[in-house]
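Visitor: Okay, predicted coordinates and the sequence, questions at the end:
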Amino acid sequence: MNVRLRHDAIVRSLRRNGTTTVDALASEVGASRRTVLRDISALRDEGYVIHSDVGRGGGLQLDPQSMQTHAKLSVPEVFALLISVAAMRAAGNLPFSDLADAGLAKIEKALPSDKVKDLRSFLDCLHIGQLSPLQDLSDMGKMDPALLPTFEAAFLGRQLIRFDYRDAKGRKTKRQVEPQAMLILSPLWYLVGWDPARDDFRHFRMDRISTPEAVPDTSFRRRHVPFEDDVCPYSELQK
């Protein structure tokens, strides 16, 4: 369990149980007592009011009025917000776009400089377009929740991405491609990859991708993705 997930689990446990102990939390989140103590200190720095009794067996209690005073969002989370705003704008159903852009710009400013660099790299690979009215959506499914963080790791680390793919006729194949871009033709999302085996770009509907994983010890170079003129990158927040 990574740090962020562990912090969330500790807060949920404190809210659920009222009073608990460091040892109980350590057992629940699968970490050492020392790690949980560091987590408690970090949560207090974020604004949570956590009371503790003195002594090794002392209890911990979260003030019911306590809340996090500032948000800590990962690049994939900010990227997901940007994608949502961009997709809604492209569909013409974002009534408060100025407020959304202002809020996202504030989030971007709160990110560390290295994360901003990652975010801009993400934005460079994101393209939004309009779906053809003739597109058949009858078989559209849900996207694998692991796909976005896997794409993040593979794209930023310039590693190939491996996945199982089901085509329009239901045939299943295993694919390994260079993740070069993402294309949103709402409500369909596509992974645009360079397929070394075919020496060409391929578009993969993301709802047909399963078991994605970044391939270690691989590398690739950025390529110019030849999108059509009516597919424009979403770049308002890059100014």
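Guide: Arrived safely, thanks for sending.
Visitor: If you drop the residues flanking it in sequence, what lies closest to Gly40?
Guide: To be clear, residue 40 is Ile; Gly isn't right here. The shortest distance from Ile40 to any non-neighbouring residue, by CB to CB, 6 or more residues apart in numbering, is to Ile50 (5.8 Å). Every residue, glycine included, has its C-beta placed from N, CA and C.
Visitor: What of Leu191?
Guide: Closest residue in space to Leu191, ignoring its immediate chain neighbours: Phe204 at 4.6 Å, by CB to CB, 6+ apart.
Visitor: hang on, isn't the one you found packed against Arg175?
Guide: Yes: the pair Phe204 / Arg175 is scored as a contact, 7.1 Å apart, by CB atoms under 8 Å.
Visitor: Compare these two (neighbour count), which wins?
Guide: Phe204 (22 against 19; other CB atoms under 10 Å).
Visitor: quick one, what contacts the more buried one?
Guide: Neighbour list for Phe204: Phe163, Tyr165, Arg175, Val177, Tyr190, Leu191, Val192, Gly193 [criterion: CB atoms under 8 Å, 6 or more residues apart in numbering].
Visitor: hang on, the last one in a helix?
Guide: Put plainly, it is Gly193. No: under DSSP: H, G, I helix; E, B strand; the rest coil, Gly193 sits outside any helix and is assigned strand.
Visitor: if I pick it, what's in contact with it?
Guide: Contacts of Gly193 by CB under 8 Å, 6+ apart are Ile161, Arg175, Val177, Glu178, Pro179, Gln180, Phe201, Arg202, Phe204.
Visitor: Nearest residue to the middle of this structure?
Guide: Centroid-nearest residue in the chain: Pro76, 2.8 Å away (criterion: CA atoms, centre = their mean).
Visitor: any idea of the pLDDT on that one?
Guide: Listed pLDDT for Pro76 reads 71.
Visitor: ok, now Leu148?
Guide: Reading off the confidence values, Leu148 has pLDDT 84.
Visitor: pretty sure it belongs to a helix, no?
Guide: Yes: assigned with three-state DSSP, Leu148 falls within a helix.
Visitor: one step back: find the residues that touch each one of Phe204 and Arg175.
Guide: Here Phe204 and Arg175 have Phe163, Tyr165, Gly193 as joint contacts, going by CB under 8 Å, 6+ apart.
Visitor: With distance to Ala24 and pLDDT added, can I get these in CSV?
Guide: Shown next, in CSV, are the shared contacts of Phe204 and Arg175 (distance: CB to CB, whole Å; pLDDT from 0 to 100):
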residue, distance to Ala24, pLDDT
Phe163, 39, 97
Tyr165, 44, 96
Gly193, 46, 94
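Visitor: Which parts of stretch 140-151 count as buried, going by neighbours?
Guide: Across stretch 140-151, burial judged by 16 or more other CB atoms under 10 Å covers Met143, Asp144, Leu147, Leu148, Pro149, Thr150, Phe151.
Visitor: Just want the phi and psi numbers for the second one.
Guide: Note on Asp144: backbone dihedrals following degrees, to the nearest 10 are phi -60, psi 120.
Visitor: Apart from its neighbours in sequence, what residue is nearest it?
Guide: Per CB to CB, 6+ apart, closest to Asp144 is Ser210, 5.4 Å.
Visitor: surely the one you found meets Thr173?
Guide: No: counting by CB under 8 Å, Ser210 does not reach Thr173; the two are 11.5 Å apart.
Visitor: and the longest strand anywhere in the chain, which strands flank it?
Guide: The strand spanning the most residues in the chain, taking DSSP state E as the definition, is strand 172-185. Under the criterion DSSP bridges, strand 172-185 sits next to strand 126-128 (parallel), strand 161-166 (antiparallel), strand 188-195 (antiparallel) in its sheet.
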